[in-house]
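S.K.: Next come a sequence and a model predicted from it.
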Amino acid sequence: MKLYLKSWFWVIFFALVCCCCFVIYLLPKGGNGYVGVYQNGELICSFDEEELNEDRELVIEYMGGTNTISISEGSVSITQASCPDGDCVRHGPLEPGGTPIICLPNRLVIKYIDETKNDDVDAVSGDVK
Amino acid sequence: MRKHMGRTACLIISMLLLLSGCGGEGSTGASEEFFAMDTYMRITVYGDDAEEMAEEAKDEIERIEALLSITGESEIAVINAEGEGDVSDETRGVLERAIEIGKLTEGAFDITIYPVVDAWGFFSGDYRVPDEEEIGELISHTGIENISISDDNSVTFAQQGMGIDLGGIGKGYAGQRVHDLLADYGVSSALMELGGNVCLLGAKPDGSLWRVGIMSPFDDSERIGVIEAEDVSIVTSGGYQRYFMEDGVVYHHIIDPSTGFPADNGLASVTVVCSDGLLADALSTALFVMGEDGACSFWKENGGFEMLLVTDDERIIVSSGVADFFQPEDGYITEVVSR
């Protein structure tokens, strides 16, 4: 009888450990989503949800070139670029899950980062030229 | 007592094993993100020495860029400027593959289209619409038959005003080189995202297939579906990737070598899945130029790759070899083409 109780104790204990692991697995592994601005691969500034609600404009310089980042009504876009092609301006506002805004001549990348979200794909083919 | 300790030890080991699995991936990766080959790249390597391997991969891509770029002092830039020049064995190999694919696709892939693409402003970003007379003049200076490569690796053009651009295969070649380099170092799992070209080394660290989304050519916040694959390159070409508008007309960057104007054969994008990254890159452009019927005929006549075509009227056509590994997004219906 003593042995019987002991076995059940261990089974329940083991089940509890499994439950704990599952809960830990489901817990968010970072903060909320944010928009990161990268120049030449380095994060130079970021905007969290609260900061995205403050409308403003920022001019980012790189080797004599400039990009104007505009934050308006919670969305981020590039509204001016010194480069001739203007691909980054034409991209329009950044969308969560959408393609990053990239200015190749000025080595600028603006992308939405959400560390709590498990994306269902590992990569996207054709998202950038 | 000893028995009790043994049981406790087993339990602690089980807990540790369970907790170690809570990270999800079970293996950490290291990434390098950088600009190269006129695009934005990210390379993620898994396993031992991942950081060092990712740096090696970046160095390899920068080395290839210095060799094949149309700018700077690359071997290709010198040939374009001088009309002739000596090349390394490696560049010769890439040129010969490009010429071979040009012949195979009957000119739909053509590295000598450089002067025409340049006239449209797609290299400088100073976009303009050349008139038909200018296009006619420039196109008379194209054609892979006008390139000669001597035994001592000297490249010459048969006509003045010619130029070559390896942009249609450069990223594919670079991805494949990095794939092979990492494999030689013993890396079994890596993901190379080279500006929209995806090159997969092996499977994911947990042994499952990689899931690669395929960008919608109609909306840059949507995908048309997902391909599950391992150890292949997945390359997508489409007019939506680089274009400009003039007088309400959209002009994209994939120039049809037979007309000198942006290819307009009913396709919005082409994805090629192939174990040869260079071939995948070249064929994604060539099939786009061929259009739906030409691409399907080419696939039926030639093996070694799979394809996914998205037409202007939003149909998806997949070749039978990839159909089982493609999951379309809701609302898209696929047609399967078989040999």
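M.R.: Okay, I see it.
S.K.: The residue in chain B that chain A sits nearest to: which element?
M.R.: Residue of chain B nearest chain A, by Cβ to the nearest Cβ: residue B:236 (2.9 Å). From N, CA and C alone the C-beta is placed, and that goes for glycine too. Residue B:236 is located in strand B:233-238, with elements delineated by DSSP states H and E.
S.K.: helices or strands up against the next helix or strand after that strand?
M.R.: Scanning forward in sequence from strand B:233-238 by DSSP H and E, the next helix or strand is strand B:243-246. The contact analysis (3 or more Cβ pairs under 8 Å, 6 or more residues apart in numbering or on different chains; DSSP states H and E) places strand B:243-246 against strand B:249-252.
S.K.: Check which residues of the strand it packs on are buried.
M.R.: B:251, B:252 (16 or more other Cβ atoms under 10 Å in any protein chain shown).
S.K.: returning to what we had before: which residues are in contact with the strand holding residue B:236?
M.R.: A:125-126, B:171-172, B:175-176, B:179, B:196-200, B:212, B:214-215, B:217, B:227, B:252, B:254, B:267-277, B:280-281, B:283-285, B:288, B:310 (Cβ atoms under 8 Å, 6 or more residues apart in numbering or on different chains).
S.K.: Are any of those buried, and if so which?
M.R.: Among the contacts of strand B:233-238, those classed as buried by 16+ other Cβ under 10 Å are A:125-126, B:171-172, B:175-176, B:179, B:196-200, B:212, B:214-215, B:217, B:227, B:252, B:254, B:267-274, B:276-277, B:280-281, B:283-285, B:288, B:310.
S.K.: Among those residues, name the ones in helices.
M.R.: If you go by DSSP state H, the buried ones among the contacts of strand B:233-238 have B:171, B:172, B:175, B:176, B:179, B:277, B:280, B:281, B:283, B:284, B:285, B:288 in helices.
S.K.: Report pLDDT for the closest residue to the fifth one other than its chain neighbours.
M.R.: With Cβ to Cβ, 6 or more residues apart in numbering or on different chains as the measure, residue B:201 is the residue that lies nearest to residue B:179, at 5.0 Å, once sequence neighbours are left out. As summarised for this prediction, residue B:201 has a pLDDT of 98.
S.K.: do residue B:330 as well
M.R.: 88.
S.K.: Might you report the residue contacts of it?
M.R.: Residues near residue B:330 by Cβ under 8 Å, 6+ apart: none.
S.K.: Residue B:263 is in contact with residue B:253, isn't it?
M.R.: No. Applying Cβ atoms under 8 Å as the test, residue B:263 and residue B:253 come out as separate, 9.8 Å apart.
S.K.: Overlap of the contact sets of the two?
M.R.: Listed as contacting both residue B:263 and residue B:253 by Cβ under 8 Å, 6+ apart are residue B:239.
S.K.: Do you have the helices of the chain handy? List them.
M.R.: Using chain A here. Using DSSP H, the helices of chain A run over A:2-26, A:87-91.
S.K.: Actually, chain B is the one I wanted.
M.R.: Going by DSSP H, chain B shows helices at B:2-20, B:50-68, B:75-82, B:89-104, B:114-120, B:132-139, B:167-184, B:277-301, B:320-323.
S.K.: For the second one, list every residue counted as buried.
M.R.: Think helix B:50-68. Neighbour-count burial for helix B:50-68 flags B:50, B:53, B:54, B:56, B:57, B:58, B:60, B:61, B:64, B:65, B:67, B:68 (criterion: 16+ other Cβ under 10 Å).
S.K.: quick revisit: any chance of the helices of chain B in a markdown table, plus mean pLDDT?
M.R.: What follows is the helices of chain B, written out as a markdown table (pLDDT from 0 to 100):
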| stretch | mean pLDDT |
| --- | --- |
| helix B:2-20 | 50 |
| helix B:50-68 | 96 |
| helix B:75-82 | 93 |
| helix B:89-104 | 97 |
| helix B:114-120 | 96 |
| helix B:132-139 | 96 |
| helix B:167-184 | 97 |
| helix B:277-301 | 98 |
| helix B:320-323 | 96 |
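S.K.: residues in contact with the residue lying closest to residue A:79 once chain neighbours are set aside?
M.R.: Nearest in space to residue A:79, with sequence neighbours left out and distances taken as Cβ to Cβ, 6+ apart, is residue A:70 at 4.4 Å. For residue A:70, the contact set (Cβ under 8 Å, 6+ apart) comprises A:56, A:57, A:76, A:77, A:78, A:79.
S.K.: Could you report the pLDDT at the residue of chain B closest to chain A?
M.R.: Per the predicted model, pLDDT is 97 at residue B:236.
S.K.: Report the contact partners of the most centrally placed residue in chain A.
M.R.: Closest residue to the average C-alpha location of chain A: residue A:113 at 0.2 Å, with Cα atoms, centre = their mean. The neighbourhood of residue A:113, defined by Cβ under 8 Å, 6+ apart, consists of A:33, A:34, A:35, A:36, A:46.
S.K.: so how far is residue A:53 from the second one?
M.R.: I take that to be residue A:34. For residue A:34, the distance to residue A:53 (Cβ to Cβ, to the nearest Å) stands at 13 Å.
S.K.: One more: residue B:191?
M.R.: Taking Cβ to Cβ as the measure, residue B:191 and residue A:53 are separated by 34 Å.
S.K.: Looking at these two, which is more packed in?
M.R.: residue B:191 (21 against 11; other Cβ atoms under 10 Å in any protein chain shown).
S.K.: Can you report how many residues lie near the nearest residue to that one once chain neighbours are set aside?
M.R.: Nearest in space to residue B:191, with sequence neighbours left out and distances taken as Cβ to Cβ, 6+ apart, is residue B:44 at 4.6 Å. A total of 19 residues lie near residue B:44 under the criterion other Cβ under 10 Å.
S.K.: before we move on, back to that, what's the most distant pair in the ones in helices among the buried ones among the contacts of strand B:233-238?
M.R.: With Cβ to Cβ as the measure, no two of those lie farther apart than B:179 and B:288, at 23.6 Å.
S.K.: Contact residues of chain A facing chain B?
M.R.: A:10, A:13-14, A:17-18, A:21, A:24-25, A:38, A:40-41, A:83-87, A:91, A:95, A:97-100, A:102, A:104-105, A:107, A:109, A:118, A:120-129 (Cβ under 8 Å from any Cβ of the partner chain).
S.K.: In chain A, which residue sits nearest chain B?
M.R.: residue A:126 (2.9 Å).
S.K.: That residue against residue B:272, yeah?
M.R.: No. Using Cβ under 8 Å, residue A:126 makes no contact with residue B:272, being 10.8 Å away.
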